[in-house]
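S.K.: Kindly generate the corresponding structure for this input.
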Amino acid sequence: MRIVVSQNMTLDGRVEMLEDWFDPARQDPELSAELRRQTAQEDVLLLGRRTFEDLRGYWPRQSGDTTGVAAALDAADKRVVSSTLTDPRWRNTTVVPGDPLEAVRALRRAPGRDVVVTGSIRLAHALILAALVDEFRMFTYPAWQGRGRSFFPDGFDVPHLRRVDGRVFPGGVVYAAYQPAGLDTPVRPRASAAGADAGEETLAGLGSEQED
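M.R.: Below is the predicted model of the structure:
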């Protein structure tokens, strides 16, 4: 299966939503149709615990949802990375309690279609650093946040990318999908000014609890 990181982000590349630039219930019909098209190619939705709980706390309550997202998420094969969560309380959900990188490597070797990671910033960053991502999908909103975590980990030397898909939606969202070139081995980010290894910080604790 292919590992896909798909994120909503601002013009300055921020995926951490610290302001109100994103509203999941307000999407133009063309964007909703594109999301449904991508979901139809997805075999697994892989999430960190916090993102999973955010989704679980919102979408199952949207009985009048017209975007199709609520029904798609309910039916999806959901895997949530956590060592403390025992009862996910959402159907079609499996808890991944061990090393998420090993779990993703196993998924990547298995036959099938896309494994999509969305939100779950620490998990997504760890997969990027471990060279386990086959495609990056960016839905860029016309907003500038100026703070918060970005699509790629801080200090990460982004490889050459090849665009494989893209379009502009009436509401102003720009979608682009990229595949990495030459990202065959784990990549360590540049050391920070203080000399800390950001890669170790990103990967630390993922085997015990994924909080995003």
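S.K.: Do you have the strands of the chain handy? List them.
M.R.: In chain order, the chain shows strands spanning 2-9, 42-48, 78-81, 93-96, 114-117, 135-140, 161-168, 174-180, with DSSP state E as the criterion.
S.K.: And residue 187, what's its pLDDT?
M.R.: Taken from the predicted model, the pLDDT recorded for residue 187 is 49.
S.K.: What of residue 59?
M.R.: Confidence score, pLDDT, at residue 59: 87.
S.K.: From residue 108, how far off is it?
M.R.: According to CB to CB, to the nearest Å, residue 59 and residue 108 sit 27 Å apart. (Each C-beta comes from the backbone N, C-alpha and C, glycine too.)
S.K.: Which one's more surrounded, the two?
M.R.: Remark: of residue 59 and residue 108, residue 59 carries more neighbours, 19 against 16, as counted by other CB atoms under 10 Å.
S.K.: what's the neighbour count on the spatially closest residue to the more buried one that is not a sequence neighbour?
M.R.: Using CB to CB, 6 or more residues apart in numbering and skipping the chain neighbours, the partner closest in space to residue 59 is residue 70 (4.6 Å). Per other CB under 10 Å, the neighbour tally for residue 70 reads 20.
S.K.: Surely residue 70 and residue 62 touch.
M.R.: Yes. Using CB atoms under 8 Å as the test, residue 70 is close enough to residue 62 to be in contact (4.6 Å).
S.K.: quick revisit: so who does the residue nearest to residue 59 touch?
M.R.: Under the criterion of CB atoms under 8 Å, 6 or more residues apart in numbering, the contact list for residue 70 reads 59, 60, 62, 63.
S.K.: who wins for most neighbours among those residues?
M.R.: Neighbour count (other CB under 10 Å) singles out residue 59 as the most crowded of the contacts of residue 70, with 19 neighbours.
S.K.: okay but that residue is in contact with residue 72, surely?
M.R.: No. Because the distance of 9.0 Å does not satisfy CB under 8 Å, residue 59 is recorded as not touching residue 72.
S.K.: got any ranges where this structure has weak pLDDT?
M.R.: When the per-residue scores of the chain are filtered using pLDDT under 70, the ranges that remain are 182-212.
S.K.: Show me where it has its helices.
M.R.: Counting by DSSP state H, one finds helices in the chain at the ranges 29-39, 49-58, 69-75, 100-109, 121-129, 198-203.
S.K.: Contact partners for the closest residue to residue 9 other than its chain neighbours?
M.R.: Distance criterion CB to CB, 6+ apart; nearest residue to residue 9, sequence neighbours excluded, is residue 15 at 4.7 Å. Counting by CB under 8 Å, 6+ apart, residue 15 makes contact with 7, 8, 9, 119, 121, 148, 149, 150, 151.
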